[in-house]
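Undergrad: Build me a model from this:
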Amino acid sequence: MNVEVTLEGGVARIFLNRPEKSNALTADVLNQLLSNVRAIENQPQIRAVIIGGNGKAFCGGADVRELSALSQANAGAFVERIHNVCQAIRELPVPVLARLHGAVIGAGLEIAAACDLRIAAKGTKFAMPEVKLGIPSVVEAALLPRLMGAGRAAWLVLTGEAIDAQRAYEWGLVEEVSSDLDASVEKVLKSLLSAERDALAAQKRLLQLWEEAPLAVSVPQSVEAFSRSLAGGNTISSRLKGKQN
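TA: This next block holds a predicted model:
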């Protein structure tokens, strides 16, 4: 299979599994990825998701052969598959952590951007080289200005040049750069698993609301979400006592 999935300890690990092709994305890989993401959506035992890649790279972008076969007639369907995967990741009710190493390129970077948190190994390279192929960066590349700011996102998509992990961290594209990637991932997972699943789901929804909605909408909806979290007599005091016990 081109996508490998393991479920353990409340964590789903979804790994691209074309190491001989730098985990390049084909229509089949994207379909498998979408199917696996959607399959865990309604599994209450899952409390966090890690998306990574086997081999020497997270994802080298769209498969060159697949890109070469695109035309005006079929290009839209291919990038729609990328969008569907990213949208499914964003719709998961649990935090999604991107485990990044090697190369994170093009559509691979869009998938990483769709995750909630991103940790990169030292030496990881990030690039959006589509303009060098005569096409624009599209779909979830639209998340980049929200993560990095307009100017830095413009630098990536207009020059097509790669940046290293340290610059990606300084620009806000990743949250951490690590010399021990797995240890860093496990540390973040520990924090995520210590929180309540429903609270994380509510917070994730609010984060996405805050991306686009004005304060006049964000603040009242945040207040409503806070009140809903205390429904059914689940007071903050009782939860604190439960943790102390």
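Undergrad: tell me the contacts of Gln221?
TA: Contact partners of Gln221, counting by C-beta atoms under 8 Å, 6 or more residues apart in numbering, are Leu206, Leu209, Ala213. No exception for glycine: its C-beta is placed from N, CA and C like everyone else's.
Undergrad: Test my guess that Leu67 contacts Leu133.
TA: Yes: Leu67 is in contact with Leu133 according to C-beta atoms under 8 Å; the separation is 7.0 Å.
Undergrad: Between these two, tell me which one has more neighbours.
TA: For Leu67 versus Leu133, neighbours defined as other C-beta atoms under 10 Å are more numerous around Leu67 (19 against 14).
Undergrad: Point me to the helix or strand that includes the more buried one.
TA: helix 64-68 (DSSP states H and E).
Undergrad: Not counting its own residues, what contacts that helix?
TA: Ala24, Leu25, Thr26, Ala27, Phe78, Leu133.
Undergrad: What does the pLDDT read for the nearest residue to the first one once chain neighbours are set aside?
TA: Counting by C-beta to C-beta, 6 or more residues apart in numbering, the nearest residue to Ala24 once its immediate chain neighbours are dropped is Asp63, at 4.0 Å. Reading off the per-residue confidence, Asp63 sits at a pLDDT of 95.
Undergrad: For Asp63, give me phi and psi.
TA: phi -60, psi 130 (degrees, to the nearest 10).
Undergrad: try Val49
TA: Note on Val49: backbone dihedrals following degrees, to the nearest 10 are phi -130, psi 140.
Undergrad: which ones are touching it?
TA: Residues in contact with Val49 (C-beta under 8 Å, 6+ apart) are Val11, Ala12, Arg13, Ile14, Val37, Ile40, Ile89, Leu92, Val94, Pro95, Val96, Leu97.
Undergrad: Show the subsequent helix or strand relative to the helix or strand that contains the third one.
TA: In other words, Arg13. Per DSSP H and E, Arg13 falls inside strand 11-16. Next helix or strand after strand 11-16 toward the C-terminus (DSSP H and E): helix 27-39.
Undergrad: Next, the angle from that following helix to strand 11-16.
TA: 170 degrees (axes from the mean of the first three to the mean of the last three C-alpha atoms, to 10 degrees).
Undergrad: Buried by neighbour count: which residues of helix 27-39 qualify?
TA: By neighbour count with 16 or more other C-beta atoms under 10 Å, helix 27-39 contains the buried residues Ala27, Val29, Leu30, Gln32, Leu33, Leu34, Asn36, Val37.
Undergrad: doesn't Glu175 make contact with Ala165?
TA: No: the pair Ala165 / Glu175 is not scored as a contact, 11.4 Å apart, by C-beta under 8 Å.
Undergrad: one step back: what are the buried residues along the helix holding Leu67?
TA: Under 16+ other C-beta under 10 Å, the buried positions of helix 64-68 are Glu66, Leu67.
Undergrad: repeat for stretch 133-152
TA: Burial within stretch 133-152, assessed by neighbour count using 16+ other C-beta under 10 Å, is assigned to Ser137, Val138, Val139, Glu140, Ala141, Leu143, Leu144, Leu147, Met148, Arg152.
Undergrad: Make sure Ala168 is indeed in a helix.
TA: Yes: assessed with DSSP: H, G, I helix; E, B strand; the rest coil, Ala168 lies in a helix.
Undergrad: Settle this for me: it is touching Thr124, isn't it.
TA: Yes: counting by C-beta under 8 Å, Thr124 is a contact partner of Ala168 at 7.4 Å.
Undergrad: Report the set of residues contacting both of the two.
TA: Common neighbours of Ala168 and Thr124 (C-beta under 8 Å, 6+ apart) are Val177.
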